[in-house]
Structures are given as C-alpha cells and as structure tokens.
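Peer 1: Dropping a prediction and its sequence here:
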Amino acid sequence: MSVLQHRIDKLRIRLWFHRCLYYAHNMTAILDCEYDKLEKELAELESRTKYRINESPTRRVGYDPPEYLRILINNLVKTHFELQKEKENSFFKKPETSQLTLFG
C-alpha cells in the first residue's frame, strides 16, 4: 500500500466516524470547517489516485459506509462515548483531601 493510499484510508475512516456521530447520534466532535477540510483533502487525493473510490464518503450521502468499515466505525464511536463519559466522571469526582491543598 502506498503512502497516498494509507492517507486516503485514514481520511475515509475519520470522515465515516464523524458522519456516524452526526447522522446516527446527532452530535459533532469537530467543527464543520475542519470536516470540510478533511473531505476536500480526500477528494483531491482520490482524484489523483482513483483508489477504491466507490467506497468513499465523498461518493455516498449520509452515514452509509461499506459493510467492512461499519463495525470499525461503530466501535470507534462506542470508544468515543466511553472516553467522554470517563472524562465527565473524573471532572465531577469529589477530590480527595490530599488533592485539596493548593500550596503545600
């Protein structure tokens, strides 16, 4: 696999991940302009290489990834939610007494 093909695969997975968050869970993890920048880079690379172009989010509408990617994307989304929940729980966790001392 060439470096360009590897970059294309990474971009596709990222874009499918963000589409899943948006269409299936009604949320976003990046700004629209960041998403657009990734999609534009992907479209440019695809036009240069023609690498498995029919599987691309640039050729499909909504959240409809190829079947072999669906499990991966859903697992990434699940992990994303678990990390968010862990972050929230640690933010609201009551600090121990030793953690309350600010200046030794």
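Peer 2: Thanks, I have the structure now.
Peer 1: any idea how far residue 76 is from residue 4?
Peer 2: Using CB to CB, to the nearest Å, we find residue 4 at a distance of 23 Å from residue 76. In short, each C-beta sits where N, CA and C put it, glycine included.
Peer 1: Which of these two has more residues huddled nearby?
Peer 2: Set residue 4 next to residue 76 and count neighbours by other CB atoms under 10 Å: residue 76 wins out with 17 against 13.
Peer 1: before we move on, what SS does residue 19 have?
Peer 2: Using DSSP: H, G, I helix; E, B strand; the rest coil, the structure places residue 19 in helix.
Peer 1: what about it, neighbour count?
Peer 2: 20.
Peer 1: residues contacting it?
Peer 2: By CB atoms under 8 Å, 6 or more residues apart in numbering, the contact list for residue 19 reads 57, 62-63, 65.
Peer 1: any idea which of these is closest to residue 22?
Peer 2: Relative to residue 22, the closest of these is residue 63; by CB to CB it sits at 7.5 Å.
Peer 1: what helix or strand is the closest one on?
Peer 2: For residue 63, there is no host helix or strand (DSSP states H and E).
Peer 1: ok, residue 90 - how many residues close by?
Peer 2: Residue 90 sits with 8 neighbouring residues when counted by other CB under 10 Å.
Peer 1: Could you pull up phi and psi at it?
Peer 2: phi -70, psi -30 (degrees, to the nearest 10).
Peer 1: per-residue pLDDT, it?
Peer 2: Looking at residue 90, its pLDDT is 77.
Peer 1: how close does it get to residue 79?
Peer 2: From residue 90 across to residue 79, the span is 16 Å (CB to CB).
Peer 1: ok, now residue 56?
Peer 2: 23 Å.
Peer 1: Compare those two and say which is more crowded by neighbours.
Peer 2: Neighbours per residue (other CB under 10 Å) separate residue 56 from residue 79, with residue 56 holding more: 21 against 10.
Peer 1: For the more buried one, give me phi and psi.
Peer 2: phi -90, psi 150.
Peer 1: just checking, it touches residue 47?
Peer 2: No. Checked against CB atoms under 8 Å, the pair residue 56 and residue 47 is beyond contact range at 10.8 Å.
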